[in-house]
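Asker: Sharing a model that was predicted from the sequence below.
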2 protein chains.
Amino acid sequence: MGEKYSLKYTKNDRNSNMSKKNTGASSIDSKKSSTLAIDRNTEKRILEAAKNVFYRKGLSGARMQEIADAAGINKAMLHYYYRTKDKLFDAVFLEAASKFFPNVIELFNVDLPFFGKIEYFVENYITLMLENHRLPSFVLNEIHQNPERLEGLLRNHAIVIPERAIFEFQKAMMDGVIKPVDPRQIVINMIALCIFPVAARPVIQILFSLNDEQYFEFIETRKKEVSKFIINSIKAV
Amino acid sequence: MGEKYSLKYTKNDRNSNMSKKNTGASSIDSKKSSTLAIDRNTEKRILEAAKNVFYRKGLSGARMQEIADAAGINKAMLHYYYRTKDKLFDAVFLEAASKFFPNVIELFNVDLPFFGKIEYFVENYITLMLENHRLPSFVLNEIHQNPERLEGLLRNHAIVIPERAIFEFQKAMMDGVIKPVDPRQIVINMIALCIFPVAARPVIQILFSLNDEQYFEFIETRKKEVSKFIINSIKAV
DNA sequence: ACTTTAACTAACCAATTGGTTAATATAAAA
DNA sequence: TTTTATATTAACCAATTGGTTAGTTAAAGT
């Protein structure tokens, strides 16, 4: 019968990949290529499809049916695995936010001189954003429409952020490597310079008449320009 | 009978404020304060309400009924004046985009030395964005979801943009006032530094634990910091 | 006064949408 | 093999939503 998530969701309130399910997948062989070629774990396929659709349409613009179609499964399965649209969105948003808020600790923990750290961060963060250029404006906009979702993630420690970078800047100031300014401002500047050209990609392409290739080229040279821009500005005289 | 917009929209395809309508308004007096205190032009009230709702919820999240309620009028009037949700959104978006894409010509035409122009631009553009902090992320996101809308505006010359600023930067380079770099990069940097802290307002407030007052204070000092940051970076040595 | 046109309303409608359910297929235990 | 739990489907449903319409009020013309 259709006991469905009654068990799943009562026991483990979130969807943590269930114990056994669709287990016959590890090997690439396939007796019956039932739906589509790639016969991966259904739950993952849903999430992947949901990401796709939510990124493009946003929470309110996305349609459950479209997600189901994109995943190549029955719409009821979405509710079977994620219960409601909002819960499914939560899962998507968590992943998006984790990517969006760079693991600054990691990106700043490299063993490099201070300015090298900045170069490393800029280069990697832009690359990361570019992997899915819809992510920044998606995250920013959804947070605007419902800030509580982000607050929730912070409360659960699903996401942490700036202290480390701020501390690094403070240290660099004391060492006389950079001019003294509110480090929060520098961190924001750094992130702004990385994110904006991705968040505003269509604008940039349209205004500067760049096709996709030209855009990528533009961003590629930008990676170096941005760190130069930052370092030029903050380095102590 | 309900000929309605048949005339209006066949004659002048866009909603350009109709000839005579609700004419008894110029004077503040009011014989019958029918619905609410402010008895302004209905069409304007709709647009105002629509702006409010669309900014908060986006195109797909907004509900016609909510807009009607916000305007304090019957829902049918929305269609009477603007025909469809999408057309109404067009009107809202046009206004939003015009604000978002700063009149760079104007902001750069002030009679000031080059660095003064930058200060002037930064100060004014941040102020402008701050007036409605939902605008940047709204515009950016809607463009992402439907770039054609922006292209349409450009085609109609409803919006023009960067040439002037770019030219100014080129000139400054030739005069040896600033270092030689692709001026497009500088323009983008300038705009990024202004827009991001507004587009990411909830993020900043949450991460840095700022209440509204503290946020505004932060942005206020930022106005000066940003132009310092830019000028420090680009001025010729 | 009367006729025409514009502004406005309440009720309605078809389509869409998130979500449910009863039935079925499939795999795992027993 | 039988039983039991899990995975999947097609059909359905109530609520919402953009949009329409027939009719009403109010203002201009005439």
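Answerer: Yes, it's here.
Asker: contacts and neighbour counts: CA atoms only from here.
Answerer: Noted.
Asker: Look up the closest residue to residue A:77, ignoring the ones flanking it.
Answerer: Spatially, and ignoring its direct neighbours in sequence, residue A:77 is nearest to residue A:68 (7.9 Å; CA to CA, 6 or more residues apart in numbering or on different chains).
Asker: Next, report how far the biggest helix by length in chain A is displaced from the centre of its chain.
Answerer: What stands out as the longest helix in chain A, according to DSSP state H, is helix A:212-234. Here the centre of helix A:212-234 is set off from its chain's centre by 21 Å, with CA atoms, centre = their mean, to the nearest Å.
Asker: wait, does that helix contact chain B?
Answerer: Yes. Counting by CA under 8 Å from any CA of the partner chain, chain B is contacted by helix A:212-234 at A:222, A:225, A:229, A:230, A:231, A:232, A:233, A:234.
Asker: can you tell me which residues contact the first one?
Answerer: So the one you mean is residue A:222. Counting by CA atoms under 8 Å, 6 or more residues apart in numbering or on different chains, residue A:222 makes contact with residue B:185.
Asker: Let's see that with 10 Å instead.
Answerer: By CA atoms under 10 Å, 6 or more residues apart in numbering or on different chains, the residues touching residue A:222 are A:122, A:123, A:126, A:193, A:194, A:197, A:216, A:228, A:229, B:182, B:185.
Asker: Narrow these to those in helices?
Answerer: A:122, A:123, A:126, A:193, A:194, A:197, A:216, A:228, A:229, B:185.
Asker: Give me the buried stretch members for the host helix or strand of residue A:150, please.
Answerer: Following DSSP states H and E, one finds residue A:150 within helix A:147-155. Residues of helix A:147-155 classed as buried by neighbour count (16 or more other CA atoms under 10 Å in any protein chain shown): A:147, A:149, A:150, A:151, A:153.
Asker: So for residue A:165, what's the pLDDT?
Answerer: Reading off the confidence values, residue A:165 has pLDDT 83.
Asker: ok so, going back, could you pull out the buried residues of the longest helix of chain A?
Answerer: Quick answer for helix A:212-234 (16+ other CA under 10 Å): A:215, A:218-219, A:222-223, A:225-234.
Asker: For residue B:44, state which of the residues you listed is nearest.
Answerer: residue A:215 (39.5 Å; CA to CA).
Asker: Okay, now the unreliable bits of chain A?
Answerer: The model of chain A has pLDDT under 70 over residues A:1-40, A:103-105, A:161.
Asker: Provide a list of residues in contact with whichever residue of it sits closest to chain B.
Answerer: The minimum distance from chain A to chain B, using CA to the nearest CA, falls at residue A:233 (3.9 Å). Residues near residue A:233 by CA under 10 Å, 6+ apart: A:178, A:179, A:186, A:227, B:228, B:229, B:230, B:231, B:232, B:233, B:234, B:235.
Asker: hang on, the fifth one packs against residue B:119?
Answerer: Just to be clear, that refers to residue B:228. Yes. Counting by CA atoms under 10 Å, residue B:119 is a contact partner of residue B:228 at 8.1 Å.
Asker: Break chain A down into its structural domains.
Answerer: With domains defined by automatic domain parsing, chain A comprises A:39-88, A:101-234.
Asker: end to end, how far does the longest one reach?
Answerer: I take that to be domain A:101-234. 23 Å (CA to CA, to the nearest Å).
Asker: Now find how far off-centre that domain is within its chain.
Answerer: Taking CA atoms, centre = their mean, one finds domain A:101-234 lying 13 Å from the centre of the chain it belongs to.
Asker: re earlier: can I get the domains of chain A in a markdown table with distance to residue B:166?
Answerer: Below are the domains of chain A laid out as a markdown table (distance: least, CA to CA, whole Å):
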| stretch | distance to residue B:166 |
| --- | --- |
| domain A:39-88 | 32 |
| domain A:101-234 | 11 |
